[in-house]
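J.: No letters, just coordinates:
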Ligand code: MRU
């Protein structure tokens, strides 16, 4: 997608041909800054501290992190250490494990002196494939949106609600949940997006709103608790979100608060879609609530907020009284029964074991 009119990805190879550059997402929307990753340490820090975030981009950065590690130490021990350190950065998005497993499986059989080159080649392919998968999701999602819009009699405003940031900033390009929104906007469907602010880190207010602004998509930022109200008043035509891990049975784990939106959507008859590239499916997990590890990011993000101050500087403010404890589970699980459909690169299916196996018979059979 474009930043100030220039086509941009979230991660790319620097001019030196081996270090990697990223958009530092902790600085948006008030500062647009590029950060350079030159080592395994840099890649681990970028994922853990959320300079990069979003399930597909976490996977892509981990792949590049492993490539950087192979330049430092391409021995078997070096490969194992790099895998373990990257794997430990964030627990919920399964794309991290997917990318690391893919890389390790290809690198392990190679002699050490061939690993750095092969790792970089593969990391670049993973990034390119992510772009293609997300664009395909966008095309399938466009069909879903067009059908819903036409069924409603082509209203002047087609209201989409989304939570967190599942846009191009969460992937290498296009995004998952936002890809259909960009496609629909470009196709002339009068999309308007309700952007949940998405406390505690405000990925909706800071990242989704920034992206939509860059592409000229009409949108309104709302507090996290407003979605149900707008649904009750017929002001949401469809909800669409991304996911960090989808079970083989169609449960979806996404940013905290997604579950409440799905409940409100069910109560109000609003279709609730989840957009995902296949590396986000964890074929080993059947019960999302019981089995998916939920990241605990500590109380700091709940108690403090970063933003632009009246002085024009950016800074932190504390919103809780001293001494009040805070809890911060970063994700929740939306059971498959609340999901209208899963939009993948291969098409749309029901959120069920049968639906996913129907679209991905090769992968589901391999996992059994
Ligand atoms: O904590 P984050 O910002 O990494 O969480 C991101 C999300 O929850 C996204 O919705 C999810 O990764 C799907 S992104 C395409």
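T.: Nice, thanks for sending it over. Nothing here was measured: the structure is a model prediction, and the numbers come from that model.

J.: got the residues of the stretch 151-300 of the chain near the ligand?
T.: 164, 166, 170-171, 176, 203, 242-244, 254-255 (CB under 6 Å from any ligand atom). Glycine gets a C-beta too; all of them are placed from N, C-alpha and C.

J.: Narrow those to those in helices?
T.: The helices, defined by DSSP state H, take in residue 203 from these.

J.: Closest to residue 217 out of the residues of the stretch 151-300 of the chain next to the ligand?
T.: Nearest to residue 217 among those: residue 166, at 14.0 Å, using CB to CB.

J.: The closest one contacts residue 178, correct?
T.: Yes - contact criterion CB atoms under 8 Å: residue 166 and residue 178 qualify, at 6.0 Å.

J.: Once you drop chain neighbours, what's closest to residue 45?
T.: Spatial nearest neighbour of residue 45, chain neighbours left out: residue 51 (7.5 Å); criterion: CB to CB, 6 or more residues apart in numbering.

J.: Helix or strand with the lowest mean pLDDT in this protein?
T.: The helix or strand with the lowest mean pLDDT-type score in the chain, counting by mean pLDDT, DSSP states H and E, is helix 361-367 (a mean of 86).

J.: Can you say which helix or strand has residue 98 in it?
T.: Per DSSP states H and E: residue 98 is located in helix 95-107.

J.: ok, that helix near the ligand or not?
T.: No - residues of helix 95-107 contacting the ligand under CB under 6 Å from any ligand atom: none, with a closest distance of 8.1 Å.

J.: Averaged pLDDT, the very next helix or strand once past that helix. What do you get?
T.: Going down the chain from helix 95-107, the next helix or strand is helix 112-151, by DSSP H and E. Averaging pLDDT along helix 112-151 gives 98.

J.: Figure out how far helix 112-151 is from the centre of its chain.
T.: 12 Å (CA atoms, centre = their mean, to the nearest Å).

J.: average pLDDT for the next helix or strand after that helix?
T.: Next along the chain after helix 112-151, taking DSSP H and E as the criterion, comes strand 158-162. Mean per-residue pLDDT for strand 158-162: 99.

J.: Strand 158-162 pairs with which strands?
T.: When sheet partners are counted by DSSP bridges, strand 158-162 sits next to strand 191-196 (parallel), strand 238-241 (parallel).

J.: OK, contacts around residue 173?
T.: Residue 173 sits next to 1, 9-10, 130-131, 134-135 when contact means CB atoms under 8 Å, 6 or more residues apart in numbering.

J.: how about 7 Å then?
T.: Counting by CB atoms under 7 Å, 6 or more residues apart in numbering, residue 173 makes contact with 1, 9, 131, 134.

J.: The first one against residue 169, yeah?
T.: No - judged on CB atoms under 7 Å, residue 1 makes no contact with residue 169 at a distance of 8.8 Å.

J.: any common contacting residues for the two?
T.: Counting by CB under 7 Å, 6+ apart, the residues touching both residue 1 and residue 169 are residue 211.

J.: out of these two, which sits in the more crowded spot?
T.: residue 169 (25 against 20; other CB atoms under 10 Å).

J.: what about the closest residue to that one other than its chain neighbours, which SS state?
T.: With sequence-adjacent residues excluded and distances taken as CB to CB, 6+ apart, residue 169 is closest to residue 207, at 5.1 Å. Classification of residue 207 by DSSP: H, G, I helix; E, B strand; the rest coil places it in helix.

J.: how far away is residue 207 from residue 23?
T.: Distance of residue 207 to residue 23, computed by CB to CB, to the nearest Å: 10 Å.

J.: hmm, back to that, and the helix holding residue 98, what does it pack onto?
T.: Counting contacts by 3 or more CB pairs under 7 Å, 6 or more residues apart in numbering; DSSP states H and E, helix 95-107 packs against helix 55-72, helix 76-87, helix 112-151.

J.: how about these in JSON lines, adding mean neighbour count?
T.: Converted to JSON lines, those look like this (neighbours: other CB atoms under 10 Å):
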{"stretch": "helix 55-72", "mean neighbour count": "28"}
{"stretch": "helix 76-87", "mean neighbour count": "17"}
{"stretch": "helix 112-151", "mean neighbour count": "19"}
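
J.: Generate CSV for those, with distance to residue 290 as supplementary columns.
T.: What follows is the helices and strands packed on helix 95-107, written out as CSV (distance: least, CB to CB, whole Å):
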stretch, distance to residue 290
helix 55-72, 20
helix 76-87, 21
helix 112-151, 28
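
J.: Okay then, goodbye and thanks.
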